[in-house]
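> I'll drop the sequence and a predicted model, then ask my questions.
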Amino acid sequence: MSKSIAKEKQNQSQIDAYMDRGPATMGPWTSNIWRSDPRHLGFLLARYKFVSKMLAGKSDVLEVGCGDAFGTPLVLQSVKTVHGIDFEPLVVREAQKHIPSEFAGRCGFSVHDMLQGSMARTFDAAYALDVIEHIPLEAETIFTDNICASLKPDAICILGTPNIEASRHASPASQVGHINLKSADTLRATLLSCFHNVFMFSMNDEIVHTGFYPMAHYLIGVGVGVKE
């Protein structure tokens, strides 16, 4: 394929890369967001950026419920390796297919259901964004216990979830799928059952803050130090 010549020299490397590699592609979950609610991608990436900053310097990180891993490269900018798991085989295959080659050597994926057991090895940190609200309340302890069993004693765990206080603003599809929404208090309690220290954050659109929890659209809890 013949290459286009950029009018501005600083753009040539980008054009060359595009002509050589083609456009970047997204998996099924992220493609749907782009088509149905593009602004939500900004919110999604802001959550991954927060995780990236909190886990900076970690060597071996577990992503629980990685989906098609659109945000995983943000975390890989700050940590050494990420292993993503999901119980949907299709999205795991798409994640493997679409992860940028620049990060592929530091990122692995596997099909795994955290309700069925812990990982075969332990990690320095774990995070699960938009996962716990899909876990039945009666199975939540199994879910969190298996995450903790997959972590080293001094590990960090980050859970992000929509705020139950904002559920009346959720889409019909979200309302059907979100069967275990949390408030700041209940998310903190969930993490305190497993970790010695818990730090809570609020989120509105792309902004993470420590403001008034009932007015937040999204909640992020950070647990530190696994309880025995």
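Yep, it's here.
> neighbouring strands for the longest strand anywhere in the chain, and are they parallel or not?
Secondary structure of the chain read by DSSP state E shows that its longest strand is strand 151-162. Strand 151-162 has the following sheet partners, assigned by DSSP bridges: strand 123-129 (parallel), strand 218-226 (antiparallel).
> pLDDT of that strand, averaged?
Along strand 151-162, the predicted local confidence has a mean pLDDT of 98.
> list the buried ones in it?
For strand 151-162, a neighbour-count test (16 or more other Cβ atoms under 10 Å) marks Leu151, Ala155, Ile156, Cys157, Ile158, Leu159, Gly160, Thr161, Pro162 as buried. For every residue, glycine as well, the C-beta is placed using N, CA and C.
> next: stretch 210-228.
Within stretch 210-228, the residues scored as buried using 16+ other Cβ under 10 Å are Tyr213, Ala216, His217, Tyr218, Leu219, Ile220, Gly221, Val222, Gly223, Val224, Val226.
> what's the spacing between that stretch and its chain's center?
15 Å (Cα atoms, centre = their mean, to the nearest Å).
> ok, back up a step: now pLDDT and distance to Ile132 too, for the buried residues of stretch 210-228, in TSV please.
Output for these, formatted as TSV (pLDDT from 0 to 100; distance: Cβ to Cβ, whole Å):
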residue	pLDDT	distance to Ile132
Tyr213	95	16
Ala216	96	16
His217	95	16
Tyr218	97	12
Leu219	98	10
Ile220	98	11
Gly221	98	9
Val222	98	14
Gly223	98	12
Val224	98	18
Val226	97	17
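> what is the nearest of the residues you listed to Tyr18?
The shortest gap between Tyr18 and any of the buried residues of stretch 210-228 belongs to Tyr218, at 33.8 Å (Cβ to Cβ).
> so where do the helices sit in the chain?
Listed in chain order, the helices of the chain (DSSP state H) span 12-21, 28-36, 39-54, 72-76, 89-98, 101-104, 140-149, 172-177, 184-192.
> could you export those helices as a markdown table, including distance to Met119?
Conversion of the helices of the chain to a markdown table gives the following (distance: least, Cβ to Cβ, whole Å):
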| stretch | distance to Met119 |
| --- | --- |
| helix 12-21 | 33 |
| helix 28-36 | 22 |
| helix 39-54 | 18 |
| helix 72-76 | 17 |
| helix 89-98 | 15 |
| helix 101-104 | 20 |
| helix 140-149 | 8 |
| helix 172-177 | 25 |
| helix 184-192 | 19 |
